[in-house]
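Colleague: For reference, the sequence and a predicted model appear below.
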Amino acid sequence: MATLKELSTREAKITGGTRTCAGCAAPIIVRQVLLAAPHCPVIVNATGCLYITTAIIPYSSWRIPYYHSAFENAAAVASGVEGAIRALKRKGRLADQEISLIAVGGDGGTYDIGLQAISGMLERGHRCLYICYDNGAYMNTGIQRSGSTPFGAWTTTSHVGEAQKGKQQHQKDMIRIAAAHGAYAANASPHRWRDLMRKVEKALNHQGPSFINIQSPCPRGWRYPASETIEIARLATEACVFPLYEVEEQGEKWTVNYIPKNKLPVTEYLKPQGRFEHFFRPGNEHLIEELQAETDRRWNRLLKLAGKS
Ligand SMILES: Cc1ncc(C[n+]2csc(CCOP(=O)(O)OP(=O)(O)O)c2C)c(N)n1
Ligand code: SF4
């Protein structure tokens with residue numbers, strides 16, 4: 001992988017001054033992804049905050065070929081783009097150069113509405129990297145719960161009150177779903193940019209389909225000050241709420257990329273975020289216990305799959 005010095009001389013392929021909220025992780029993630037892309041990048045972007053804030057006609061923040069797809073079908077569109085690239089090369093109408101084809105969507109467009117298109121892309125074996133910037137809700141339309149919203153989190157459709165205390169289900173395990181297709185599957189976090197960029201480079205050099213889920217803290221939906229984005233991402237990794245790992249060899253090889261020296265309790269990650277404020281009210285201790293138990297269960301299973309326990 002390129003050194004930090006080399007990376008600092010590469011042109012950013014997404015401009016500054018996007019219209020995301022201050023402190024949004026999504027453009028940070030995209031900048032890291034595009035800096036790591038080994039070949040000429042082409043982006044297919046589902047509707048969501050990233051699209052709305054970077055491609056408001058007639059303006060664009062993208063310095064590369066960019067295709068806006070519908071909310072549900074970024075992976076299907078990217079599959080078509082991959083076929084078109086192959087056909088154009090075969091007919092001699094496109095230079096025989098490598099292209100880094102990347103589809104990107106939020107967790108609503110990935111875990112929920114776009115899932116069948118992603119499954120098709122992975123199953124058919126398109127050479128494409130699908131990236132989810134995972135902010136744990138449908139943020140663009142006003143913070144509705146998604147299949148990736150954590151257990152107990154407040155959203156505008158997982159209320160906190162007498163009848164219900166935030167989201168009632170745990171997160172869908174998208175990486176296991178992608179890995180079950182035999183794809184290269186990993187997750188990453190913007191606070192460990194070198195790990196993130198290594199995985200992107202690996203995925204894009206891989207001769208088949210790949211999926212990377214990237215934690216994307218959202219100050220608006222998660223209710224924390226804009227300056228804390230990278231710190232929140234770090235706490236998620238240190239508490240093993242968002243452990244870093246990758247799955248290769250048709251789902252057979254699991255690698256944990258970071259094992260914290262002192263695993264933090266989940267409360268350290270929850271405390272700075274307003275969406276978990278009710279966890280700390282008297283009588284709600286069971287929410288913390290439940291989230292800690294599920295975090296531990298998933299972390300221990302991961303260590304086992306990676307041969308670390
Ligand atoms: C089929 C369809 N349903 C609903 C919408 C409205 N819509 C646009 S963006 C969005 C939320 C996107 O959420 P996510 O994919 O998580 O991305 P984020 O906004 O969080 O970046 C919704 C519901 C739509 N455009 N198309
Ligand atoms: S709502 Fe969240 S994800 Fe959307 S632009 Fe604002 S900070 Fe980013």
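Modeller: Looks like it arrived, so ask away. Ligands and ions are numbered 1, 2, ... in the order given.
Colleague: make it CA atoms for all contacts and neighbour counts henceforth
Modeller: Will do.
Colleague: Pull out the buried positions in stretch 259-275.
Modeller: Leu264, Pro265, Val266, Thr267, Tyr269, Leu270, Pro272, Gln273, Gly274, Arg275 (16 or more other CA atoms under 10 Å).
Colleague: Same question for stretch 17-30.
Modeller: For stretch 17-30, the neighbour count (16+ other CA under 10 Å) marks Thr18, Arg19, Thr20, Gly23, Cys24, Ala25, Ala26, Pro27, Ile28, Ile29, Val30 as buried.
Colleague: First-to-last residue distance for that stretch?
Modeller: Distance between the boundary residues of stretch 17-30 (CA to CA, to the nearest Å) amounts to 13 Å.
Colleague: in stretch 201-213, what counts as buried?
Modeller: Here stretch 201-213 shows Glu201, Lys202, Ala203, Leu204, Asn205, Gly208, Pro209, Ser210, Phe211, Ile212, Asn213 as buried, counting by 16+ other CA under 10 Å.
Colleague: if we can go back for a sec, can you narrow the buried residues of stretch 17-30 to ones near ligand 2?
Modeller: The subset of those within reach of ligand 2, by CA under 6 Å from any ligand atom, is Thr20, Cys24.
Colleague: The buried residues of stretch 17-30 in helices, which ones?
Modeller: Mapping these onto helices (DSSP state H) picks out Ala26, Pro27, Ile28, Ile29, Val30.
Colleague: Present the buried residues of stretch 201-213 as TSV; the columns should include pLDDT.
Modeller: Below are those laid out as TSV (pLDDT from 0 to 100):
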residue	pLDDT
Glu201	97
Lys202	97
Ala203	98
Leu204	97
Asn205	95
Gly208	94
Pro209	98
Ser210	98
Phe211	98
Ile212	98
Asn213	98
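Colleague: near ligand 1, which residues of this protein?
Modeller: So far as CA under 6 Å from any ligand atom goes, the chain lies against ligand 1 at 47-50, 71-72, 105-109, 135, 137-141.
Colleague: now those: which count as buried?
Modeller: 47-50, 71-72, 105-109, 135, 137-140.
Colleague: These: which two are farthest apart?
Modeller: Glu72 and Asn135 (16.9 Å; CA to CA).
Colleague: which stretches of the chain form strands?
Modeller: In the chain, the segments counted as strands under DSSP state E are 40-45, 66-68, 99-106, 129-134, 184-188, 210-215, 245-248, 253-256.
Colleague: Any chance of the ones you listed in a markdown table with distance to Lys167 as columns?
Modeller: Putting those into a markdown table (distance: least, CA to CA, whole Å) gives the following:
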| stretch | distance to Lys167 |
| --- | --- |
| strand 40-45 | 27 |
| strand 66-68 | 30 |
| strand 99-106 | 18 |
| strand 129-134 | 16 |
| strand 184-188 | 23 |
| strand 210-215 | 19 |
| strand 245-248 | 25 |
| strand 253-256 | 28 |
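Colleague: Same list (those strands) but as JSON lines, adding distance to ligand 2.
Modeller: Shown next, in JSON lines, are these (distance: least, CA to the nearest ligand atom, whole Å):
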{"stretch": "strand 40-45", "distance to ligand 2": "14"}
{"stretch": "strand 66-68", "distance to ligand 2": "17"}
{"stretch": "strand 99-106", "distance to ligand 2": "8"}
{"stretch": "strand 129-134", "distance to ligand 2": "9"}
{"stretch": "strand 184-188", "distance to ligand 2": "17"}
{"stretch": "strand 210-215", "distance to ligand 2": "11"}
{"stretch": "strand 245-248", "distance to ligand 2": "23"}
{"stretch": "strand 253-256", "distance to ligand 2": "27"}
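Colleague: got the contact list for stretch 229-248?
Modeller: 23-25, 179, 182-191, 215-219, 253-258, 260, 262-266, 268-269, 272, 295-296, 299 (CA atoms under 8 Å, 6 or more residues apart in numbering).
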